[in-house]
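*Asks:* Here is a sequence with its predicted model. Questions after.
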Amino acid sequence: MKNLYQRAEFLTSVNHLPQLPEDIGIEVAFAGRSNAGKSSALNAITQNKRLARTSKTPGRTQMINLFTIDDDRRLVDLPGYGYAKVSHTTKRHWQEVLAKYLASRTCLRGLFLVVDIRHPLQALDEQMMHWAATADLLIHVLLTKADKLKRGPALDAWQRYKKQIKKFGPHVTSQVFSAESKLGVEEARRVLDDWYEF
Ligand SMILES: Nc1nc2c(ncn2[C@@H]2O[C@H](COP(=O)(O)OP(=O)(O)O)[C@@H](O)[C@H]2O)c(=O)[nH]1
Ligand SMILES: [Mg+2]
């Protein structure tokens, strides 16, 4: 079957919410700590290595990047959080922008929370999930970099995450993923298909 996300194209980058495109159609946003693997996950899902820039230097994605799938559907790469080397002012700016975006964006259907499967869920991840749950958004947790673990430890980590994320509601889903090995890419696309009503 053809991958519908292959036709994703860069639309725009914005620093402030008023610069966003008109609030219509359906958006799905990817969030996570900087370096968690958001851009790589987007590239794997869209089968486009150059769609979202990936970096070995954490903290580089400091804008909201939007990609169109079609006239009514967009993917959103949110700025990574938790990067120690940015100023307090920058951190506060993005905290406010993320909170406001999740709370006020009407076309936002759901959040893909990208976490490194080797690390426990952190306070800022929980903060994002809390904001998303409060805004009645769908939440899917992508446990990425699973290629870094053997199958057993990866499944153990997934069980631990499931217990931790239960408190954000029974509708929160999660999966094991790897942009490197492409594990779980099809499953992630199926979740998107559902949210985008394809
Ligand atoms: N082994 C492995 N490395 C990954 C994976 N996803 C991302 N990375 C690496 O992790 C680093 C950060 O990835 P990036 O997608 O830029 O993270 P972002 O800051 O969340 O957008 C890069 O060096 C990627 O090559 C994965 O699934 N497996
Ligand atoms: Mg990125």
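*Replies:* Sure, I can see it. Ligands and ions are numbered 1, 2, ... in the order given.
*Asks:* Going by C-alpha atoms from here, please, whenever you check contacts or count neighbours.
*Replies:* Will do.
*Asks:* could you list every residue that touches whichever residue of the chain sits closest to ligand 2?
*Replies:* Here the chain gets closest to ligand 2 at one residue, residue 39, 4.2 Å apart by C-alpha to the ion. Contact analysis of residue 39 by C-alpha atoms under 8 Å, 6 or more residues apart in numbering lists 52-54, 77.
*Asks:* where are the low-confidence patches of the chain?
*Replies:* Applying pLDDT under 70 to the chain flags the ranges 1, 55-61.
*Asks:* Can you pull up the most central residue in it?
*Replies:* In the chain, the centroid-proximal residue (C-alpha atoms, centre = their mean) is residue 30; its distance is 1.9 Å.
*Asks:* I figured it hits residue 109, correct?
*Replies:* No: counting by C-alpha atoms under 8 Å, residue 109 is not a contact partner of residue 30; they are 11.5 Å apart.
*Asks:* Can you show me the strands along the protein?
*Replies:* Ranges of strands within the chain are 9-14, 26-32, 64-70, 73-77, 108-116, 138-144, 173-176, based on DSSP state E.
*Asks:* Around ligand 1, pick out the residues from this protein.
*Replies:* Taking C-alpha under 6 Å from any ligand atom as the criterion, the neighbours of ligand 1 within the chain are 34-40, 54-56, 58, 80, 144-145, 147-148, 178-180.
*Asks:* Which of the residues you listed fall within helices?
*Replies:* Residues of those located in helices (DSSP state H): 38-40.
*Asks:* now the strands of the chain as a markdown table including distance to residue 97?
*Replies:* Converted to a markdown table, those look like this (distance: least, C-alpha to C-alpha, whole Å):
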| stretch | distance to residue 97 |
| --- | --- |
| strand 9-14 | 11 |
| strand 26-32 | 13 |
| strand 64-70 | 10 |
| strand 73-77 | 13 |
| strand 108-116 | 14 |
| strand 138-144 | 19 |
| strand 173-176 | 25 |
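*Asks:* Same list (these) but as JSON lines, adding distance to ligand 2.
*Replies:* Output for the strands of the chain, formatted as JSON lines (distance: least, C-alpha to the ion, whole Å):
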{"stretch": "strand 9-14", "distance to ligand 2": "12"}
{"stretch": "strand 26-32", "distance to ligand 2": "9"}
{"stretch": "strand 64-70", "distance to ligand 2": "9"}
{"stretch": "strand 73-77", "distance to ligand 2": "7"}
{"stretch": "strand 108-116", "distance to ligand 2": "11"}
{"stretch": "strand 138-144", "distance to ligand 2": "13"}
{"stretch": "strand 173-176", "distance to ligand 2": "19"}
